[in-house]
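In: let's see this in three dimensions:
(one chain, ligands or ions: 2)
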Amino acid sequence: MSDNVTLSLASMRELSESILMSNGFNQDHAQAITDVIYACQQDDCHSHGLYRLLMCVQSIQSGRVDGQASPEVVDVAPSVVKANANSGISLLAFNAALPMLIEKTKQNGIAALAINNCYHFSALWPEVERLSEAGLAAIAMVPSHAWVAPAGGSRGTLGTNPFAFSWPRQGKHPFTFDFATSEFARGEIELYRRAGKALPEGVAIDAAGHPTTDAEAAMQGAMLTFGGYKGSALSIMIELLAGPLIDDLTSKESMAFAQGKPEAPFHGEILIAFNPDLLSGGHTERNDERAERLFADIVDQGARLPSQRRYIAREQNIQQDAVSIPRALYEDILALRKA
Ligand code: NDP
Ligand code: PYC
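Out: Numbers count the residues shown, from 1 in each chain. Ligands and ions are numbered 1, 2, ... in the order given. Model prediction:
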């Protein structure tokens, strides 16, 4: 028997929605969550694809995530939208606020969306990619849980704090990147632990503060930021912009709020969108060409653009109408289905 299971794209969607709904998410939440899990799995982003069904179900089973929550969107100012997720998973709040964020950005050149009171488990690239599909550049940031030591420190204070950026391109997929500011995302370490694989050096320290390549010891100890003090400073910026700036929790506060329960982190999210047309004074065409020359210069020397791997995986998986996941994960997911 193969160690992997192959699913058609339609059966992946059906599996995700049915697992979520059988555990108490209403159809709107199940669809919003599935859209992002599906997009990640389709692009072979394994740490935030079907694997995340485990976290979503654990979160609702812990009794605090509201699977029926209706988000409220508030028009705060010409360039500011706030969305209260009301203790639901963040994604429905994002979907509800997206049209207003796009509209404000188109009118004013720049606009921000603060999502508050959300449980957050997802990759950020699907969100910034949607803003670029509307012709905008965008960034997005969230804290998580205090698993990551600041550079020079020895205990978790910062989250894995992802940062995503997207730039629209005429007739092409956007230029998008999205990464944790820790050397590895937590989800990636969990996948190493599940596979019984050693981590590379420089990813984590154990509970005694010693470097470790053992995924379990890393989870008991602290993860490290990427790029030493530089990643550490970016991570602190994300704590501030997606925490106190928008009246929401830091990673440390979010971890305390969870009280040790295996839930998705509870906090806020900030997105900022930019309208190239207004900011370039109406000269988007010539500036798009300059951006394309920049991308071409990178690719010409054999380097790859972020998301290039993802777009290739997307094309292949759509063509084959199939994604592949480890059998052990598939069985864990099936075990989540409630009668
Ligand atoms: P990765 O290290 O896998 O990849 C990060 C980015 O770098 C991707 O855009 C990737 O493009 C690009 N990239 C990778 N290798 C290269 C290369 N050689 N040249 C150019 N670009 C490259 O990401 P992480 O593991 O840090 O994060 C994975 C996901 O986890 C993210 O989507 C993030 O949002 C999510 N996350 C979510 C959190 C949350 O709290 N919600 C917390 C932390 C992470 P490509 O995809 O094409 O390889
Ligand atoms: O992979 O670090 C992570 C993560 C935290 C919350 C969701 N994903």
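
In: quick one: the helices in the stretch 1-150 of the chain?
Out: With DSSP state H, counting those that start in this stretch, the ranges of helices along the stretch 1-150 of the chain come out as 9-22, 27-42, 53-61, 90-108, 125-133.

In: I'd like these written out as a markdown table, with mean neighbour count and mean pLDDT added.
Out: For the C-beta atoms, the positions are set from N, CA and C on the backbone; glycine is no exception. What follows is the helices of the stretch 1-150 of the chain, written out as a markdown table (neighbours: other C-beta atoms under 10 Å; pLDDT from 0 to 100):
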| stretch | mean neighbour count | mean pLDDT |
| --- | --- | --- |
| helix 9-22 | 18 | 98 |
| helix 27-42 | 22 | 98 |
| helix 53-61 | 21 | 96 |
| helix 90-108 | 21 | 98 |
| helix 125-133 | 22 | 98 |
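
In: those helices: which one's closest to Lys197?
Out: Set against Lys197 and scored by C-beta to C-beta, these come closest in helix 53-61, at 18.3 Å.

In: could you name the helices and strands sitting against that closest one?
Out: Under the contact criterion of 3 or more C-beta pairs under 8 Å, 6 or more residues apart in numbering; DSSP states H and E, helix 53-61 touches helix 9-22, helix 327-334.

In: need these in CSV with distance to Pro244, can you?
Out: Shown next, in CSV, are the helices and strands packed on helix 53-61 (distance: least, C-beta to C-beta, whole Å):
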stretch, distance to Pro244
helix 9-22, 32
helix 327-334, 37
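
In: just tell me which of the ones you listed ends up closest to Phe295.
Out: Of all the helices and strands packed on helix 53-61, it is helix 9-22 that lies closest to Phe295, at 28.9 Å by C-beta to C-beta.

In: re earlier: so which of the helices of the stretch 1-150 of the chain gets nearest ligand 2?
Out: helix 53-61 (6.8 Å; C-beta to the nearest ligand atom).

In: all strands for the stretch 201-339 of the chain, in order.
Out: 204-205, 211-212, 222-224, 266-274, 323-326 (DSSP state E, counting those that start in this stretch).

In: what parts of this protein come near ligand 2?
Out: Proximity of the chain to ligand 2 is confined to Ser47, Phe121, Ser144, Thr160, Ala180, Ala185, Arg186, Gly187, Pro265 under the rule C-beta under 6 Å from any ligand atom.

In: residues near the last one, how many?
Out: Counted by other C-beta atoms under 10 Å, the residues lying close to Pro265 total 26.

In: doesn't Tyr119 make contact with it?
Out: Yes: under the criterion of C-beta atoms under 8 Å, Pro265 is in contact with Tyr119, at a separation of 7.2 Å.

In: of the residues of the chain next to ligand 2, which is the most crowded?
Out: Looking at those with neighbours defined as other C-beta under 10 Å, the largest count falls to Thr160 at 28 neighbours.

In: next, it: secondary structure please.
Out: Using DSSP: H, G, I helix; E, B strand; the rest coil, the three-state assignment for Thr160 comes out as coil.

In: doesn't Ser144 make contact with it?
Out: Yes: between Thr160 and Ser144 there is a contact at 4.8 Å, judged by C-beta under 8 Å.

In: what do the two both touch?
Out: Both Thr160 and Ser144 are contacted by Arg186, under the criterion C-beta atoms under 8 Å, 6 or more residues apart in numbering.

In: can you redo the helices of the stretch 1-150 of the chain as a markdown table with distance to Ala222?
Out: Formatted as a markdown table, those follow (distance: least, C-beta to C-beta, whole Å):
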| stretch | distance to Ala222 |
| --- | --- |
| helix 9-22 | 32 |
| helix 27-42 | 26 |
| helix 53-61 | 20 |
| helix 90-108 | 25 |
| helix 125-133 | 26 |
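
In: and Gln259, which of the ones you listed is closest to it?
Out: Closest to Gln259 of these, according to C-beta to C-beta: helix 53-61, at 13.2 Å.

In: distance from that closest one to the middle of the chain?
Out: Relative to the centre of its chain, helix 53-61 is centred 16 Å away, using C-alpha atoms, centre = their mean, to the nearest Å.

In: check the gap between the residue lying closest to His173 once chain neighbours are set aside and Ser79 for me.
Out: Counting by C-beta to C-beta, 6 or more residues apart in numbering, His173 lies nearest to Tyr311, which is 5.1 Å off, once chain neighbours are set aside. In this view, Tyr311 and Ser79 are 31 Å apart by C-beta to C-beta, to the nearest Å.

In: for this protein, what lies in contact range of ligand 1?
Out: Taking C-beta under 6 Å from any ligand atom as the test, the list of the chain residues beside ligand 1 reads 45, 47-48, 120-125, 142, 144, 160, 162, 164, 177-180, 185, 187-188, 304, 306-310.
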